[in-house]
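# kindly return the folded structure for what I paste below:
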Amino acid sequence: MNKKIIFALVIMGLLAVSAANAQNSLILNNNGDDSMYQVSLMQAFMHGEYDGVITVGDLKKHGDIGLGTFEGVNGEMIILDGVVYQAAAGGSINVMNDNEKIPFATITKFDEDGKIDNINASNFNDLTSQLNKEIEKYGTNNMYVIKIKGDFSNITVRSVEKQEKPYKEFTDVAAVDQKVFNHTDQTGTLVAVYFPEYMNELNMHGWHLHFLSDDKTKGGHVLGFNGFKGSGQIDEIHEFNMILPTDDSFKTMNFTENMTSKISSVE
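Numbers count the residues shown, from 1 in each chain. Coordinates of the predicted model:
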C-alpha cells in the first residue's frame, strides 16, 4: 500500500480517537452531576458583599437544587426542581425572574446516590445528628445536598429585608432586619446543604437548611422545628467550582479575621 495512504489512514485513526475522547470529555463536563457551584464565598458575604455577581438565569445553568440569597440580601433563596424561589421578608414566596442578580448561592444538579427512609426527628438538632450518621457511610469530607420531604408539627423560618448601601455586615443585618415566621402543620421540602470542616469560611461547615412548603406559600432559612416525619434523598458531591465578585470592595477586602463564630451566630 502506498506510504502516503498508510500515513493518511493513521492520521484519520488518531483524529477519530481524539474526537471520541473529546466528546466523552464534553459530556462529562456538561453533566453537572457531583459538582457544587458556588457564587462568592461565605466570608465575603458575612463582610457585606451583597452586590450581584451573576443572574438567576446564569445560576440555573449549573444545577437544579440549592440555596442562597438575592442582591442586597433581598430574602432567602430556595432552588428546587430547577425553579428559583424567593422567601421574601414580608412572608410571600415568589418565583424569581432570570434577570435577578445573586451575591451568594450554592447549586448542584441533583443526582441521587442514596436514600433515607422513615426519618423521625424531634427537632433540628435531632435531624442533623441523623444526617451526620448517614453521611458517615459515604465520607464526611465530601459535600452533600439532601432533599428531605415530609410533615412538620411546626417549623420556624426566617427571611431578611433588602439592604441599602452602605451595606452592614451580616451579623448586624440579622440582628435588626431579620423577620421570623412560625408555621404549624406544614408539609414540604428541606434543601439541606453540607460542607466539610476544611471548607469552613469558604462556605459554612455543617448543615444549612432552607424550607419550602408544598403549596409554595411558606419558606425560608430554617431556624428550628419540632416533630418531623419523612424521607430523604442524598446527593454525594466531589467537585467544587466557584465564581468570585469582581468589584473593588472584594478585591481589597481583608479576609484575615476568623469568621467561624460570626457565621455560627447567624445560622
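
# ok, which stretches of the stretch 51-200 of the chain are helices?
56-59, 124-135, 170-177 (DSSP state H, counting those that start in this stretch).

# just the pLDDT for the residue lying closest to Y167 once chain neighbours are set aside.
Computed as C-beta to C-beta, 6 or more residues apart in numbering, the closest residue to Y167 that is not its neighbour in sequence is G48, at 3.9 Å. (C-beta placed from N, C-alpha, C; glycine too.) If you check G48, the pLDDT there is 97.

# what about G48, helix or strand, and which?
If you go by DSSP states H and E, G48 is not part of any helix or strand.

# report the buried residues of stretch 234-248.
Residues of stretch 234-248 classed as buried: 234-237, 240, 243, 245 (neighbour count, 16 or more other C-beta atoms under 10 Å).

# what helix or strand does G224 sit in?
Secondary structure assignment for G224, by DSSP H and E: strand 219-237.

# strands paired with that strand, and their directions?
Here strand 219-237 is paired, per DSSP bridges, with strand 114-123 (antiparallel), strand 143-160 (antiparallel), strand 206-213 (antiparallel).

# okay, it in PDB with CA atoms only?
Extracted in PDB, the C-alpha atoms of strand 219-237 (Å, rounded to 0.1, in the frame of the first residue of the first chain):
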ATOM      1  CA  GLY A 219     -40.500  29.100  53.300                       C
ATOM      2  CA  GLY A 220     -37.100  30.500  54.300                       C
ATOM      3  CA  HIS A 221     -33.900  29.800  56.200                       C
ATOM      4  CA  VAL A 222     -34.700  27.100  58.800                       C
ATOM      5  CA  LEU A 223     -34.100  28.200  62.400                       C
ATOM      6  CA  GLY A 224     -35.800  25.300  64.100                       C
ATOM      7  CA  PHE A 225     -38.700  22.900  64.100                       C
ATOM      8  CA  ASN A 226     -40.500  20.200  66.100                       C
ATOM      9  CA  GLY A 227     -41.900  16.900  65.100                       C
ATOM     10  CA  PHE A 228     -40.800  15.900  61.700                       C
ATOM     11  CA  LYS A 229     -41.600  12.700  59.800                       C
ATOM     12  CA  GLY A 230     -40.500  12.000  56.200                       C
ATOM     13  CA  SER A 231     -37.700  10.700  54.000                       C
ATOM     14  CA  GLY A 232     -34.600  12.000  52.200                       C
ATOM     15  CA  GLN A 233     -32.600  11.600  49.000                       C
ATOM     16  CA  ILE A 234     -28.800  12.000  49.200                       C
ATOM     17  CA  ASP A 235     -26.500  13.500  46.600                       C
ATOM     18  CA  GLU A 236     -22.800  13.000  47.300                       C
ATOM     19  CA  ILE A 237     -20.700  15.700  45.700                       C
END
